[in-house]
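Visitor: structure here, sequence nowhere to be found:
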């Protein structure tokens, strides 16, 4: 099935949890993927593979993730707000310089919000 989707990874940062949400676009495979032992989907990461993969790695995204075409980044953001989980999103507007700054600001926020020990 083609169309927008999300790949989501929950990471234990030691003092908090971080949810990494990556917007992707599902595309039709050029050939059957019948030899894959699991469900299959083929997607293009946003904004592109180079930036999307780099941001995923900088955020600590795991190699196992949850993929959905039904659950949007907005739903995950609402859940993270309710559960007190840090959220970082990789989408069509992501650039690495700003993303790395966001991760650093988030580290500072969570350090200060928990109190300096």
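Guide: That came through, no problem. Remember, it's a predicted structure, so these values are computed and weren't measured experimentally.
Visitor: what sits opposite the most centrally placed residue in the chain in the beta ladder?
Guide: In the chain, the residue lying closest to the centroid (C-alpha atoms, centre = their mean) is residue 21, at 2.4 Å. For residue 21, the beta-bridge partners under DSSP bridges are residue 8, residue 89.
Visitor: my guess is it contacts residue 86. True?
Guide: No - counting by C-beta atoms under 8 Å, residue 21 does not reach residue 86; the two are 11.2 Å apart. Every residue, glycine included, has its C-beta placed from N, CA and C.
Visitor: got the contact list for the residue nearest to the centre of the chain?
Guide: Residues near residue 21 by C-beta atoms under 8 Å, 6 or more residues apart in numbering: 6-8, 73, 76-77, 87-90.
Visitor: repeat for residue 33
Guide: 40, 42.
Visitor: pLDDT wise, what is it at?
Guide: Predicted confidence (pLDDT) at residue 33: the value is 78.
Visitor: worst mean pLDDT across the helices and strands of this structure, which element?
Guide: Least confident helix or strand of the chain, by mean pLDDT, DSSP states H and E, is strand 42-45 with a mean of 90.
Visitor: tell me the confidence at residue 114?
Guide: Reported pLDDT for residue 114: 75.
Visitor: before we move on, back to that, quick check, nearest of the contacts of residue 21 to residue 14?
Guide: Closest approach between the contacts of residue 21 and residue 14, by C-beta to C-beta: residue 88, at 16.2 Å.
Visitor: doesn't residue 102 make contact with that closest one?
Guide: Yes - using C-beta under 8 Å, residue 88 is in contact with residue 102, at 6.5 Å.
Visitor: so which of the two has more stuff around it?
Guide: The neighbour count for residue 88 versus residue 102, taken as other C-beta atoms under 10 Å, is higher for residue 88 (22 against 16).
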